[in-house]
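# compute the structure for the input listed below.
(2 chains)
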Amino acid sequence: MNPNRAREIIARGNQLVEFEKLDPAGLLAYFEDFAQVITTTPTLLIPLNTVGISNFQLNEITYYMNPTNAVTYRLLLFEAAEADDLTSLSKIIFDSGAAQADSTLYTVTNNEDEMPRLVKLAESGHIYYMLIWTGDPGNTPGWIKGRGTGMG
Amino acid sequence: MLDIIAGKNQLVEGVVLDADGTGADFETDKVITDTPTQYITLSDPLISRFLLEEVVYYMAAANAVTFQLYLLQDAIADDMLSLQSVCFDSAAAQARNTIYPRVGVEDKLPRVVDLVSPGKLWYLQDWSGAPGNTPGWLRVRGRKLF
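Numbering: from 1, shown residues only, chains lettered A, B, ... in the order given. Prediction:
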């Protein structure tokens, strides 16, 4: 291996990788789309804060949704936006499970929650997400945030 | 020396994906003491040693059957040597149409894997009955070791 490449990979192991989608007042309409279906191509993305990262270890996810209406949701994160049903499923890197409650802070960090995960993004710096609502959430302030460390 | 340190932070991946079942990657029924005949090709064809950290799989079998998935470091015929090569065992009764992300100590991961044939991680599925056409995928990820 080229020594410079080796040094770069070593350094990435101690580099914070973070992504965040934050809509404090619901004005940005990041989370209101309730037409998302798990086997379709994800269309919403969260950019990583670190340029040029494709491979990383995902250590933690926190999320919080404050929909106007009394509905629940399921959050999915994908490492690629694929169209084919089964291929799309294979790109899931996080699945919250159904019936996530509104106005509840969820923190996912340990093995029981299937963390950490090794992620290989199809598009450098892009994580796709999908929210499957049980009904129309209405205006939805909230956030999705993930953190991890870089890999080569 | 730099290679060794860097390898510990370098992703290793292997995927078998059969989106419509036409690849016939998952229909073969074997028991653990059979010689595995199918393998996952790893992203680095020269790699022999790596730390296996996650195994994710999903089988959409046409028939209502369950399965047990094994990953093996070698394709060995002899019963006991075959058992010795197991580096992942899903346990029995894995359901179809279910995504299984296996990570962490409860899933007996990570494991140190030392492949006999570089770049080839063998797999074997023990089905409870004929699965029929089986779209699905099997993915492993980890880090390089030297």
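# who is the nearest residue to residue A:151 once chain neighbours are set aside paired with across the strands?
In space, and not counting its chain neighbours, residue A:151 is closest to residue A:55: 4.2 Å by Cβ to Cβ, 6 or more residues apart in numbering or on different chains. For every residue, glycine as well, the C-beta is placed using N, CA and C. The partner list for residue A:55 in beta bridges (DSSP bridges) reads residue A:120.
# chain A: helices as residue ranges?
A:3-12, A:85-90 (DSSP state H).
# most tightly packed of those helices?
When you average the neighbours per residue for each of those (mean count of other Cβ atoms under 10 Å in any protein chain shown), helix A:85-90 leads with a mean of 20.
# wondering if that one reaches chain B at all.
Yes. If you take Cβ under 8 Å from any Cβ of the partner chain as the test, helix A:85-90 does meet chain B, through A:85, A:86, A:87, A:89, A:90.
# check contacts around the second one.
The one in question is residue A:86. Going by Cβ atoms under 8 Å, 6 or more residues apart in numbering or on different chains, residue A:86 touches B:17, B:19, B:20, B:58, B:60, B:135, B:136, B:137.
# what pLDDT does the model give residue B:66?
pLDDT, the model's per-residue confidence, is 98 for residue B:66.
# tell me the secondary structure at residue B:3.
Under DSSP: H, G, I helix; E, B strand; the rest coil, residue B:3 falls in the helix class.
# follow-up on the earlier one: which of the helices of chain A comes out lowest on mean pLDDT?
helix A:3-12 (a mean of 84).
# what sits up against that helix?
A:53, A:56, A:149, A:150, A:151, A:152, B:2, B:3, B:5, B:6, B:9, B:10.
# return that helix as PDB; C-alpha atoms alone will do.
Only the C-alpha atoms of helix A:3-12 are listed here, as PDB (Å, rounded to 0.1, in the frame of the first residue of the first chain):
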ATOM      1  CA  PRO A   3       2.400   5.000   2.500                       C
ATOM      2  CA  ASN A   4       0.400   8.200   2.000                       C
ATOM      3  CA  ARG A   5      -2.800   6.100   1.500                       C
ATOM      4  CA  ALA A   6      -1.900   4.100   4.600                       C
ATOM      5  CA  ARG A   7      -1.500   7.200   6.700                       C
ATOM      6  CA  GLU A   8      -4.800   8.600   5.400                       C
ATOM      7  CA  ILE A   9      -6.700   5.400   6.300                       C
ATOM      8  CA  ILE A  10      -5.100   5.400   9.800                       C
ATOM      9  CA  ALA A  11      -6.100   9.000  10.300                       C
ATOM     10  CA  ARG A  12      -9.700   8.300   9.300                       C
END
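# now the residue lying closest to residue B:59 once chain neighbours are set aside: phi and psi?
Leaving aside its sequence neighbours, residue B:59 sits nearest to residue B:136 (Cβ to Cβ, 6+ apart; 4.0 Å). With angles defined as degrees, to the nearest 10, residue B:136 sits at phi 170, psi -180.
# burial of residue B:136, as a residue count?
Residue B:136 has 26 neighbours, counted by other Cβ atoms under 10 Å in any protein chain shown.
# just list whatever residues bridge to it.
residue B:18, residue B:59.
# residue contacts, it?
A:86, B:17, B:18, B:21, B:25, B:26, B:57, B:58, B:59, B:60, B:61.
# would you mind listing what in chain B touches chain A?
Within reach of chain A by Cβ under 8 Å from any Cβ, chain B has these residues: B:2-3, B:5-6, B:8-11, B:13, B:15, B:17, B:19-20, B:53-54, B:56, B:58, B:60, B:99, B:101, B:103-106, B:135-137, B:139, B:141-143.
# report the buried members of the residues you listed.
Using 16 or more other Cβ atoms under 10 Å in any protein chain shown as the burial test, the residues of chain B next to chain A include B:6, B:8-11, B:13, B:15, B:17, B:19, B:53-54, B:56, B:58, B:60, B:101, B:103-104, B:135-137, B:139, B:141-143 as buried.
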